[in-house]
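**Student:** Let me see the structure of the following:
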Amino acid sequence: MPAGGHDAALALERDGFAILPGFLDAAEVAAGRANLARYFPTPEEFFAAAPEKFAWLRAGQFAGLIDFPFVDDALNDHLTHPRLVALARELVGADDVRLVQGRAWAKYGGNVDFDQPLHRDYPNHTLAYPSAKPGLRELIGFIYYSDVTADSGPTCLLPHRYASDVPVGTRHLAEGTRRQQEVQAVGPAGTVVLYSPLTFHRGSALGPPPAYRWITGFSYRAAGVDWTANQCWPPAGTTDELHRFMARATVEQRNVLGFPPPGHPYWDDDTRAGIAARYPGIDLSPYRQ
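**Tutor:** Have a look, this model is predicted:
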């Protein structure tokens with residue numbers, strides 16, 4: 001079982017979420033922050049700038065979202081990290097899992113009202129209703145690249161025991177309700193927060209400058225659970241970012257995107273030649289067996 005897997009499984013079963021500090025080490029956090037700085041202004045840059053300079057980040061709650069794959073390597077590697085994939089396998093309950101959401105997200109205080117009512121994520125993650133059965137579950141989460149305190153807009157999560165009376169199928173709770181029972185997902189940079197699509201949670205307001213939050217978000221489910229996904233990766237196939245990632249990725253990293261695995265009937269001389277032409281430098285030796 002991966003590090004933290006047993007405790008995370010117990011917490012997810014009991015509460016619907018788990019908070020794992022120290023999932024990324026200091027060097028990984030620094031690399032991730034450098035990667036995020038390719039997309040987002042530092043808090044010092046943002047708060048010192050005239051409002052029109054970063055107008056795109058002031059356009060609404062979800063304005064600071066950037067989709068996988070990313071320039072550089074760090075964020076791509078973290079969202080497909082061997083430790084994260086191992087956790088996903090354990091907590092989803094399947095040996096073959098897929099990354100079906102990957103995003104970077106920046107929020108800055110004094111900018112937009114990020115406060116939300118408690119809600120569940122499943123309406124835009126699945127065509128069906130979430131299952132708790134092993135192999136059919138979805139695992140949703142965040143990786144922190146800044147220290148997240150009560151002033152940094154932490155995600156607030158409602159333990160399952162405080163939602164036991166909520167009717168099946170309820171997506172949102174009334175504004176302001178049950179906040180006394182919430183748990184704030186605070187933690188230092190490098191923390192991973194995991195939760196179920198049936199867990200009530202919400203974004204919370206950031207404090208005034210210099211409060212900010214840099215994270216990535218992800219979602220994993222088992223291969224073959226085709227009714228559950230928030231994103232898919234072929235539309236990114238024309239980008240330099242995906243070409244770079246696929247050429248240097250491990251077999252496991254490609255697998256979690258849904259790439260044909262070694263030994264699949266897809267592989268023959270023609271497809272190997274086509275893949276080599278599409279992704280120059282890719283190591284095709286695992287796909288020649």
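**Student:** Quick one: residues contacting residue 32.
**Tutor:** 24, 74, 75, 78, 143, 145, 216 (C-beta atoms under 8 Å, 6 or more residues apart in numbering). Every C-beta, even on glycine, is put in place using the N, C-alpha and C of the backbone.
**Student:** And residue 176, by the same measure?
**Tutor:** residue 117.
**Student:** re earlier: any idea which of the contacts of residue 32 has the most stuff around it?
**Tutor:** The member of those surrounded by the most neighbours (other C-beta atoms under 10 Å) is residue 145, with 30 neighbours in all.
**Student:** Distance of that one relative to residue 223?
**Tutor:** 29 Å (C-beta to C-beta, to the nearest Å).
**Student:** tell me the secondary structure for the residue sitting nearest the centre point of the chain?
**Tutor:** Taking C-alpha atoms, centre = their mean as the criterion, residue 218 is the residue nearest the geometric centre of the chain, at 1.6 Å. Three-state assignment for residue 218 (DSSP: H, G, I helix; E, B strand; the rest coil): strand.
**Student:** partners of it in the sheet?
**Tutor:** As for beta bridges, residue 218 partners with residue 102, residue 141 under DSSP bridges.
**Student:** list the contacts for it?
**Tutor:** Residues near residue 218 by C-beta under 8 Å, 6+ apart: 79, 84, 99, 101, 102, 103, 140, 141, 142, 143.
**Student:** how near is the third one to residue 217?
**Tutor:** Between residue 99 and residue 217 the distance, using C-beta to C-beta, works out to 11 Å.
**Student:** if you count what's nearby, which of these two comes out ahead?
**Tutor:** Using other C-beta under 10 Å as the criterion, residue 99 and residue 217 rank with residue 99 on top: 23 against 19.
**Student:** tally of neighbours for the nearest residue to the more buried one once chain neighbours are set aside?
**Tutor:** Counting by C-beta to C-beta, 6 or more residues apart in numbering, residue 99 lies nearest to residue 256, which is 4.6 Å off, once chain neighbours are set aside. As a burial measure, residue 256 scores 24 neighbours (other C-beta under 10 Å).
**Student:** which residues sit in contact with residue 256?
**Tutor:** 80, 85, 97, 98, 99, 220.
**Student:** And those, which is closest to residue 64?
**Tutor:** Using C-beta to C-beta, residue 99 comes nearest to residue 64 of those, at 20.7 Å.
**Student:** tell me the helices in the protein, going along the chain?
**Tutor:** Assignment of helices within the chain using DSSP state H yields the ranges 5-15, 26-36, 43-48, 74-79, 82-92, 240-248, 251-256, 269-278.
**Student:** Now the fifth one: buried residues?
**Tutor:** Put plainly, it is helix 82-92. 83, 84, 85, 86, 87, 88, 89, 90, 91, 92 (16 or more other C-beta atoms under 10 Å).
**Student:** Just the residues contacting that helix, thanks.
**Tutor:** Under C-beta under 8 Å, 6+ apart, the answer for helix 82-92 is 1-5, 8-9, 12, 23, 78, 95, 97, 134-135, 137-139, 192, 194, 218, 220-222, 252, 256.
**Student:** Would you mind listing which of those are buried?
**Tutor:** Among the contacts of helix 82-92, those buried by neighbour count (16+ other C-beta under 10 Å) are 2, 4-5, 8-9, 12, 23, 78, 97, 135, 137-139, 192, 194, 218, 220-222, 256.
**Student:** any weak-confidence spans in the stretch 1-150 of the chain?
**Tutor:** Applying pLDDT under 70 to the stretch 1-150 of the chain flags the ranges 1-3.
**Student:** thought residue 198 was touching residue 16?
**Tutor:** Yes. Between residue 198 and residue 16 there is a contact under C-beta atoms under 8 Å: 6.7 Å.
**Student:** and the nearest residue to residue 262 once chain neighbours are set aside, how many residues sit next to it?
**Tutor:** The shortest distance from residue 262 to any non-neighbouring residue, by C-beta to C-beta, 6+ apart, is to residue 286 (4.6 Å). Residues lying near residue 286 (other C-beta under 10 Å) number 13.
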